[in-house]
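Dropping a prediction and its sequence here:
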Amino acid sequence: MSNESKVKIALVVNGELTEVAFAPHKTLLEVLREDLSLTGTKHGCELGECGTCTVLLDGTPVLSCLALGLACAGHSVRTVEAMAQGGKLHPLQETFADLGAAQCGYCTPAFLLAAEALLASNPKPTRAEIKDALAGNLCRCTGYIKIYEAVELAAERMNGRV
Amino acid sequence: MAEYRVIGKALRKVDAVAKVTGTTRFADDLAFPRMLYCKLLRSTEPHARIVSIDTAAAASLEGVHAILTGRDLPIPFGILPVSQDEHTLCVDKVRFIGDPVAAVAATSEEVATAALDLIKVIYEPLKSIASAEEAVAHPEPRIHDYGDGGNLHKLIDLEFGDADAGIAAGDVVREDLFFFEGSTHLPMEQHAAVAMWAPPPDGKLTLWTSTQTPHYVHRAVAKVLALAPARIRVIATPNGGAFGGKSDPFNHEIAVAKLAMLTGRPVKITLTREEVFYCHRGRHPTLMWVRTGVKRDGSITGMHFRSLLDGGAYGSYGVASTYYTGALQTVTYHVPRYHFQGARAFTNKAPCGPKRGHGTPQPRFAVEVHLDKIAEQLAIDPAELRLKTLVPPNSLTANYLRVGSMGLGTCIAKVVEGSDWKRKFRKLPEGRGVGLACSSYISGAGLPIYWNNMPHSGVQLKCDRGGGVTVFCGSTEIGQGSDSILAYIVAEVLGVDPFDVAVVTADTDLTPVDLGSYSSRVTLMSGNAALQAAERARQILALHAGRKLDVPVERLTFAGGRVFDSKDRKRGTSFAEAVQWAEAAEGTVGTVGSYTPPQSAGKYRGAGVGPSPAYSYSACVAEVDVDPETGIVRVPTIWIAHDVGRSINSASVIGQVEGSIYMGLGEALMEEMAYRGDLKVVHKIPSLLEYKSPTTLEMCDVVTYLVEDPDPNGPFGAKEVGQGPLLPVMPAVANAVYDAVGVRIDEVPITPEKVLKALKRKQKGEPARYGPDSFPEIPWPEPVRVPTPWEGGDGKAVDRVHA
């Protein structure tokens, strides 16, 4: 077990080709947090129930606690660490910060990535579409309302209306 | 009203950028070289004597560095001085499924888990107790060998005036029974802790942990490990949600501390979600009986309230929780005579404790539904009934709670108008209904958890010659925004940008004590301490700036990062230069501030729970849709008005209101800590999937009205907001269900099954109700009798009459 031989894979993490070696039973969540020190990705259950570990795999939200690290070889993973670019926050990060959509902040990286994927496929989502897209992510602090508002405001800004 | 530049504004929180970039370091994000991982072996028996524990095979597993059992840590602990009934690992017996019996430190979580499988524990099972009623019926076998007899942990009997005579004077006397099911906090972050030991001569232990109460953890670790507090540093990492669930010192925190000392290596534990359910400390399942007398004009003549709490396996905050089920009935409506009897039972289930609202949501549910029924009996609109009986501001209640600012009347008016109540109540089509309820909550407890006469909150403040200011405070950021509150208050007083204020919190080596993030105390108490420290710094700076600028001190204004003459704005200097002048004149510019709540008016035994520097008030209207075919209740909208005294940050206040409504909605409709199996002691649903909580698809719309009735005891008039707005949600939903389909669900959560059962009874012509129908006989003690303030009372109990 402790002597389990590691496997090495190559994948694209936040736009950078990355080689990483890890025990083959590890989930993507564990590889990101433990082997790549990308602790921005959180966990609430490690059973696929809460959505807190959401990352984007080839642009699609996945639960990193249910994805095997090995299965991600050759794929592209995006985590919250890549959202702010060139010392500037992503519009979603700006609006989450401005409107108080992050209270304890623990579920926030997952919501940001799920929202980013939504806006990539649907730049002008309705409130109902936002709720639908975020229904797999639990937040115990906010009651979700500030999160909807932040997604709506970011969508407006990204569409150049504000 | 004073013009504020920072206070009340919807500013970003000081940690907002860290939160949205994922850079906030939660406890499980910490990693150190050579770190070991800890796992706890938990009891599979609900109640059993430990015959033997054999750890030999586990100890010989490669990668295992240390194993602890109960005998290694014989000193007990617990949050309350009166219930030091927990051990780090069970010593002689286990008391619930999930009670920890052994701890392993190994090179990985996998090795530690494999080691747990090799530990052999032999149990001798004892009869288990599954409910409070069972605990009353079965005094033996005792779960603990202390308490108020048998399996009753605590019995309380307090009488303020002759309540029976008061009730009898009512034109209507009504009696009702209610049950409030237990629920848990479910923070998204599982508890985690990391310990590190520097060997002698340093002999210093450092513990990072996701706790709301680093000061109490500090005390518990010192006690159990018999270490000098000066050699222990507890750092509360930002909590990924807490809601009361991280307020106790926990066995896993002490286990990793001891393992770090034994191995000389950093040791980390991160609980699994299942284990978080075993930590619990959530809402006590509570059975309640209430009898009230009311005059035809709506005024209450007397109230008698009984509660029976299922405490689970340990004391936790339970004695306080039990008092809280009786304390706050009097601060919303004027109750001239009041009798409270409360009992807490030990059972073989995960321990209950303080969850958001701590002991007050249960009685608030009972009283608000009870009043709805009384209003119907009297044919008075339930909003009108409440308005007729409001406690006046600046008054003393029958149980000697001092009410200051009181905006409940305004709150009721806001939600009645906003929800279009008068056109909806009893007038909506079958299946749709509205319900109203109110509440109040403390802004911090008037007394500390362990008796002492020191401040409840302390702040140190340092002004840097570069113009920055650093605030040090023991308060703990749990997502509620307490770090930001410190920065805003200091920035307001010193006229600097809040983002030029560095905040250092929750570190027992660096920060003055603040008792912790519980009882909605932090804004009021640490806020007042910060206010005092900032005002003292301003005095020092003003003295020297006044001399240099040749302006009288009282004419100096601190604003926009400058210090200037209010009569001649050009005559001034930068804040940084003002610091430099002061530093040159008298050395380092640093101040302290502290806060101690006012003396309580009650002097009777039990008067310690309920007093607060200020009470918040909320009124709520819920609109519901009830499907008579499925029993499913949907809540499209909730209107809530909350008297917060004064918003320090209006966006944060609304965030707390919405979060409270969300959590209340979960308790109203779905959340339950249920147990199964023949013995009803196996947790039914220790997972996030099966423990139902509202997702985006169940969450209602929320219309929030902030009522600002500043309280003289709050910083800038601020009162609490983190807990109070949760309280009226459950009764408002229950009252709305009655308005919609004419059945009374006198129990939460209001599940489809309960609604269908009540609808069936209604169809059969039976009482259209689902809820408890009896309250067991409890051996109540002789009451502590306290004459009310309006009957010549002075807050003291009268001598007991001995027959």
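Now that the structure is in, tell me what you want to look at.

right, and the helix or strand after the worst-scoring helix or strand of chain B on mean pLDDT?
None of the helices or strands of chain B scores lower by mean pLDDT, DSSP states H and E than strand B:682-683, at a mean of 82. Counting by DSSP states H and E, the next helix or strand C-terminal to strand B:682-683 is strand B:701-707.

That following strand near chain A anywhere?
Yes. Using Cβ under 8 Å from any Cβ of the partner chain, strand B:701-707 reaches chain A at B:701-702. Every C-beta, even on glycine, is put in place using the N, C-alpha and C of the backbone.

From the rest of the structure, what touches that strand?
Strand B:701-707 is contacted by residues A:143, A:145, B:407, B:410-411, B:414-415, B:418-419, B:617, B:636-644, B:647, B:650, B:653-654, B:657-658, B:661 when judged by Cβ atoms under 8 Å, 6 or more residues apart in numbering or on different chains.

again, 6 Å this time
By Cβ atoms under 6 Å, 6 or more residues apart in numbering or on different chains, the surrounding residues in contact with strand B:701-707 are B:407, B:410-411, B:414, B:418, B:637-641, B:643-644, B:654, B:657-658, B:661.

what does stretch B:575-584 give?
B:463, B:465-467, B:496, B:540-541, B:544-545, B:548, B:561, B:563, B:589.

try 7 Å
Contacts with stretch B:575-584, where a contact means Cβ atoms under 7 Å, 6 or more residues apart in numbering or on different chains, come from B:463-467, B:494-496, B:540-541, B:544-545, B:548, B:561-563, B:589.

Just the buried residues from the residues you listed, in PyMOL please.
Selection of buried members from the contacts of stretch B:575-584 for PyMOL, criterion 16 or more other Cβ atoms under 10 Å in any protein chain shown:
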select buried, chain B and resi 463+464+467+494+495+496+540+541+544+545+548+562+563+589
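
and the contacts of stretch B:575-584, which of them are in helices?
Residues of these located in helices (DSSP state H): B:494, B:540-541, B:544-545, B:548.

before we move on, the earlier item: going by contacts, tell me the helices and strands next to the least confident helix or strand of chain B.
Contacts defined by 3 or more Cβ pairs under 7 Å, 6 or more residues apart in numbering or on different chains; DSSP states H and E place strand B:682-683 against strand B:675-676.

can you list the domains in the chain?
You didn't say which chain, so I picked chain A. Domain assignment for chain A by automatic domain parsing gives A:7-82, A:91-158.

Please refer instead to chain B.
Split into domains by automatic domain parsing, chain B comes to B:35-126+B:187-242+B:246-279, B:154-184+B:282-378+B:391-446+B:604-770, B:454-595.

and those, which is most packed in?
Of those, the one with the most neighbours on average (mean count of other Cβ atoms under 10 Å in any protein chain shown) is domain B:154-184+B:282-378+B:391-446+B:604-770, at a mean of 23.

how about TSV for the domains of chain B, with distance to A:L118 added?
Formatted as TSV, the entries for those read as follows, by distance: least, Cβ to Cβ, whole Å:
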stretch	distance to A:L118
domain B:35-126+B:187-242+B:246-279	20
domain B:154-184+B:282-378+B:391-446+B:604-770	12
domain B:454-595	24
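
And the ones you listed: which comes nearest A:A154?
Across the domains of chain B, A:A154 has its closest neighbour in domain B:154-184+B:282-378+B:391-446+B:604-770 (16.2 Å, Cβ to Cβ).

Which residue comes closest to B:P76 once chain neighbours are left out?
What sits nearest to B:P76 in space, not counting adjacent residues and going by Cβ to Cβ, 6 or more residues apart in numbering or on different chains, is B:Q84, at 4.8 Å.

Save the domains of chain A as a markdown table, and put in distance to chain B, mean neighbour count and mean pLDDT too.
Shown next, in a markdown table, are the domains of chain A (distance: least, Cβ to the nearest Cβ, whole Å; neighbours: other Cβ atoms under 10 Å in any protein chain shown; pLDDT from 0 to 100):
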| stretch | distance to chain B | mean neighbour count | mean pLDDT |
| --- | --- | --- | --- |
| domain A:7-82 | 2 | 19 | 97 |
| domain A:91-158 | 3 | 23 | 98 |
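
Let me have these in a markdown table, extended by distance to B:P728.
A markdown table is the format used below for those (distance: least, Cβ to Cβ, whole Å):
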| stretch | distance to B:P728 |
| --- | --- |
| domain A:7-82 | 28 |
| domain A:91-158 | 15 |
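
Just the endpoints, please. Distance across stretch B:92-101?
One end of stretch B:92-101 sits 10 Å from the other (Cα to Cα, to the nearest Å).

Is the residue nearest the centre of chain A in a helix, a strand, or coil?
Geometric centre of chain A, nearest residue: A:V55, 3.3 Å, by Cα atoms, centre = their mean. Three-state assignment for A:V55 (DSSP: H, G, I helix; E, B strand; the rest coil): strand.

Any chance of the backbone angles for the nearest residue to it once chain neighbours are set aside?
Nearest non-adjacent residue to A:V55, counting by Cβ to Cβ, 6+ apart: A:S64, 4.8 Å away. Dihedral angles of A:S64 (phi, psi; degrees, to the nearest 10) stand at phi -70, psi -20.

Quick one: the helices in the stretch 651-800 of chain B, in order.
In the stretch 651-800 of chain B, the helices defined using DSSP state H, counting those that start in this stretch lie at B:729-741, B:752-763.

and if you look at chain A?
A:28-30, A:91-99, A:108-121, A:127-133, A:145-158.

Summarise which helices and strands the third one is packed against.
On a contact count with 3+ Cβ pairs under 7 Å, 6+ apart, helix A:108-121 meets strand A:54-57, strand A:60-63, helix A:91-99, helix A:127-133, helix A:145-158, helix B:16-21.

ditto for the fourth one
Here helix A:127-133 touches helix A:108-121, helix A:145-158, going by 3+ Cβ pairs under 7 Å, 6+ apart.

And for the second one?
The contact analysis (3+ Cβ pairs under 7 Å, 6+ apart) places helix A:91-99 against helix A:108-121, helix A:145-158, helix B:16-21.

Now with 10 Å, please.
Secondary-structure packing of helix A:91-99 (3 or more Cβ pairs under 10 Å, 6 or more residues apart in numbering or on different chains; DSSP states H and E): helix A:108-121, helix A:145-158, helix B:16-21, helix B:650-669.

what's the offset of it from the middle of its chain?
Mean-position distance between helix A:91-99 and its chain equals 15 Å (Cα atoms, centre = their mean, to the nearest Å).

Okay, angle between that helix and helix A:108-121 too, please.
In terms of direction (axes from the mean of the first three to the mean of the last three Cα atoms, to 10 degrees), helix A:91-99 departs from helix A:108-121 by 130 degrees.

Extract the C-alpha set from helix A:91-99 and format it as CSV.
C-alpha atoms of helix A:91-99 as CSV (Å, rounded to 0.1, in the frame of the first residue of the first chain):
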residue,chain,number,x,y,z
PRO,A,91,-15.2,38.8,-14.1
LEU,A,92,-17.0,36.0,-12.1
GLN,A,93,-14.4,36.4,-9.3
GLU,A,94,-15.0,40.2,-9.3
THR,A,95,-18.7,39.8,-9.0
PHE,A,96,-18.5,37.0,-6.4
ALA,A,97,-16.2,39.3,-4.3
ASP,A,98,-18.3,42.5,-4.9
LEU,A,99,-21.7,41.0,-4.1
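
Next, the angle from that helix to helix B:650-669.
Here the directions of helix A:91-99 and helix B:650-669 differ by 90 degrees (the same axes, to 10 degrees).
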